[in-house]
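**Q** Sharing a model prediction with you, sequence too.
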Amino acid sequence: MDADKLKHFRGILLAQLRAHTRHILDGQSAALEYSDDGVKDSVDLSLLDVNREIALRLGEHESQMVADIDQALLRIKEGSYGTCARCGGPIAERRLEAVPTARYDAACQTLVESQLGTDMNYSL
Ligand SMILES: [Zn+2]
C-alpha cells in the first residue's frame, strides 16, 4: 500500500481513536446525563433509553475498539497494514474503508469468525 493511502487510513483511525477515547472518558456519567437532554420527542426518548442501556455497557466494548485501532496504527507503522494476518494476501481497500481496523481479508475473516464463534460480532 502506498504512502498516501496509508496516510489516508491513518487519518481515519486517528479520528476514530479520538471519538472512542472521548466516549470512554464520558463513560458512566454520560449514561446518566442522557436522561436530561431536554429532548421531548417520543421517538428520541425511546432512543435515549436504548442509548442509556448501551452507554452503561459501553466501557468494555469501547476499550476493545481502542485496542483494535491501536493495533491497526501499529501495523501502519510496521508496514503490515492492509495485509491479511492469516493468509498474507492484500485486504481490499473497499473493506478497509468500511472496517479500517480489519486484520483479515473477507474470506479469512469468515473462517476466523467461524472458528471463534460469534464473540467478535458486536451488535446492538
Ligand atoms: Zn486472508
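**A** Noted; the coordinates are in hand.
**Q** Okay, buried residues for the helix or strand containing D26 please.
**A** Assigned by DSSP states H and E, D26 belongs to helix 3-33. Counting neighbours by 16 or more other Cβ atoms under 10 Å, one finds that the buried residues in helix 3-33 are L6, H8, F9, R10, L13, Q16, L17, H20, H23, A30, A31. Using the backbone N, CA and C atoms, a C-beta is placed for each residue, glycine as well.
**Q** Kindly reformat the residues you listed as a markdown table containing pLDDT and distance to T83.
**A** Formatted as a markdown table, the buried residues of helix 3-33 follow (pLDDT from 0 to 100; distance: Cβ to Cβ, whole Å):
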| residue | pLDDT | distance to T83 |
| --- | --- | --- |
| L6 | 96 | 12 |
| H8 | 97 | 16 |
| F9 | 97 | 13 |
| R10 | 97 | 15 |
| L13 | 96 | 16 |
| Q16 | 92 | 20 |
| L17 | 91 | 21 |
| H20 | 82 | 24 |
| H23 | 71 | 29 |
| A30 | 53 | 37 |
| A31 | 55 | 38 |
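**Q** closest to the ion among the residues you listed?
**A** Closest approach between those and the ion, by Cβ to the ion: F9, at 17.8 Å.
**Q** Need the per-residue pLDDT for the residue nearest to that closest one when sequence neighbours are not counted.
**A** Excluding its sequence neighbours, the residue lying closest to F9 (Cβ to Cβ, 6 or more residues apart in numbering) is P100, at 5.5 Å. Note for P100: predicted pLDDT of 96.
**Q** hang on, M65 packs against H20?
**A** Yes. Taking contacts as Cβ atoms under 8 Å, M65 lies within contact range of H20: 5.1 Å.
**Q** hang on, the earlier thing: quickly check the buried residues of helix 3-33 for the two that are furthest apart.
**A** L6 and A31 (36.3 Å; Cβ to Cβ).
**Q** If anything else comes up later, I'll come back, but that's it for now.
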